[in-house]
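Visitor: Build me a model:
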Amino acid sequence: MTDPVPMVRKGQYAGPLTRETFRARFMQRFYDPAFQGERPALERLEAIAWEAYQEGRKAPVTVKAGPGYADPAYDLSVQWKQARDALERAAKVQQDADTPSRVLVIIGASRNDGTCPGEISKSWRLARIVLNELRAAAVHTDELDLSRLVSEYQYQIHPCKGCVSTAMPLCHWPCSCYPNHALGQVNDAMNGIYEQWVSAHGVIVVAPTYWYQSPSPLKLMIDRLVCADGGNPDPTLTGGKDPLKAKQVELAGWPYPKHLAGRAYGLVVHGDVAGIEAQRRALADWLDWMGLVDASTTSQLDRYIGYYQPYATSHDELDRDEAVQQEVRNVARAMAACLPRLRQGELATPDRHIRAPRPK
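Guide: Sure, this is the predicted structure:
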């Protein structure tokens, strides 16, 4: 059998915007009449943005890659290199046996009282239980509240562009798709989120069930973490985003490095009518795939809160449900109990030394 010859398929992209469409979209950011006093300035800014769009200035500020990269002379995005350097520093601290154990608690709900719903989420309240329990056990905690995406100015997680499906090495670790200044795709939160994941020894996800699935902010983060599972830490190998080079690198043999493997995880999934079991299983499958370790049999929880009761009284139902509150505490306790063993090498997946014949 002959080796496959890589091809790059083209034809889907409809082409760049017209000047009129670009201008209309740019100016929508300044729809408020209060901006009209600065119309001449906006016109000048729009002309600069149009020029950047035409020239495709994705990364307008670059630096030579330097030693340690396949092509030291390659012009890397300064912002990407800063993000990667931050991850390397975080990894060294995380691997230092003398540092305190650290757990990242992720709130996967969209709701908070700073925007349209006008009320806090139950996930946020459950996360408070987790955080308090971990702190009582002298575990260092970080919090990631993904509801900030809907309530905070220009705090965003841009969607995954699917580079993996062209070739795994085209997916860089950390993600290099953003920022894209030519397309106005900036203020992406993922570099900070990557650093939180790398810094952690354990991760606990607390999430509601929306229409049988994870809420949009949580799914955005999950998709953008694809680069943590097999992602390429050296964009110079692929000439940046050259799909043909990436295919050639993958077909020559790619190791699919698991950048977050070995951390522990716990889950708290809740809902009010249906779908919690499927969502909890999907999240566990995802974390297992990335090489994380289930903290214990009590570290995965799915529960209904106020089953078929009115939404308006759901917080009251949580107040009354002392059993679920205790089960959430137990998720945190399981995590705190497993971390010393995990960090001493006593707790790991039994198959960690078995080589997969078809890694991906």
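Visitor: I'd assumed residue 207 was in a strand, is it?
Guide: Yes - the assignment for residue 207, made by DSSP: H, G, I helix; E, B strand; the rest coil, places it in a strand.
Visitor: Determine the number of other residues adjacent to it.
Guide: Neighbour count for residue 207, taken as other CB atoms under 10 Å: 28. Every C-beta, even on glycine, is put in place using the N, C-alpha and C of the backbone.
Visitor: So what sits opposite it in the bridge?
Guide: residue 269 (DSSP bridges).
Visitor: Quick check: it touching residue 217?
Guide: No - at 9.6 Å, residue 207 and residue 217 do not qualify as touching, with contact defined as CB atoms under 8 Å.
Visitor: shared neighbours of these two, anything?
Guide: The contact sets of residue 207 and residue 217 overlap at 108-109 (CB atoms under 8 Å, 6 or more residues apart in numbering).
Visitor: For stretch 144-164, buried residues please.
Guide: Judged by neighbour count using 16 or more other CB atoms under 10 Å, the buried positions of stretch 144-164 are 144-151, 156-158, 160-161, 163-164.
Visitor: now swap in stretch 227-245 and tell me
Guide: Applying 16+ other CB under 10 Å to stretch 227-245 flags 227-238, 240-243, 245 as buried.
Visitor: can you check stretch 255-270 too?
Guide: Using 16+ other CB under 10 Å as the test for burial, stretch 255-270 gives 258-260, 262-270.
Visitor: what's the average pLDDT for it?
Guide: Stretch 255-270 comes out with an average pLDDT of 97.
Visitor: begin at 51 from here
Guide: Yep, numbering from 51; the last one is stretch 305-320 now.
Visitor: Work out the gap between it and the centre of the chain.
Guide: Using CA atoms, centre = their mean, to the nearest Å, the distance from the centre of stretch 305-320 to the centre of the chain it belongs to is 12 Å.
Visitor: Partner strands of the lowest-mean-pLDDT helix or strand in the chain, with direction?
Guide: The weakest-scoring helix or strand in the chain, judged by mean pLDDT, DSSP states H and E, is strand 343-344 (a mean of 95). Counting by DSSP bridges, the strands paired with strand 343-344 are strand 314-321 (parallel).
Visitor: Enumerate the positions of the next helix or strand after the partner strand that are buried.
Guide: Counting by DSSP states H and E, the element after strand 314-321 in chain order, helix or strand, is helix 326-339. Buried residues in helix 326-339, counted by 16+ other CB under 10 Å: 326, 329-330, 333-334, 336-337.
Visitor: Which member of those residues is positioned nearest residue 135?
Guide: residue 337 (26.4 Å; CB to CB).
Visitor: could you list every residue that touches the spatially closest residue to the closest one that is not a sequence neighbour?
Guide: Spatially, and ignoring its direct neighbours in sequence, residue 337 is nearest to residue 315 (4.6 Å; CB to CB, 6 or more residues apart in numbering). Applying CB under 8 Å, 6+ apart to residue 315 gives the contacts 252-255, 334, 337, 342-345, 349.
Visitor: In contact with residue 310, which residues?
Guide: By CB under 8 Å, 6+ apart, residue 310 lies in contact with 247-248, 275, 278-279, 340-342.
Visitor: Quick one: those as TSV, columns for pLDDT and distance to residue 185 too.
Guide: Putting those into TSV (pLDDT from 0 to 100; distance: CB to CB, whole Å) gives the following:
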residue	pLDDT	distance to residue 185
247	98	20
248	98	21
275	98	26
278	98	26
279	97	30
340	96	26
341	94	27
342	96	22
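Visitor: Please list only the buried members of those residues.
Guide: Buried members of the contacts of residue 310, scored by 16+ other CB under 10 Å, are 247-248, 275, 278-279, 340-342.
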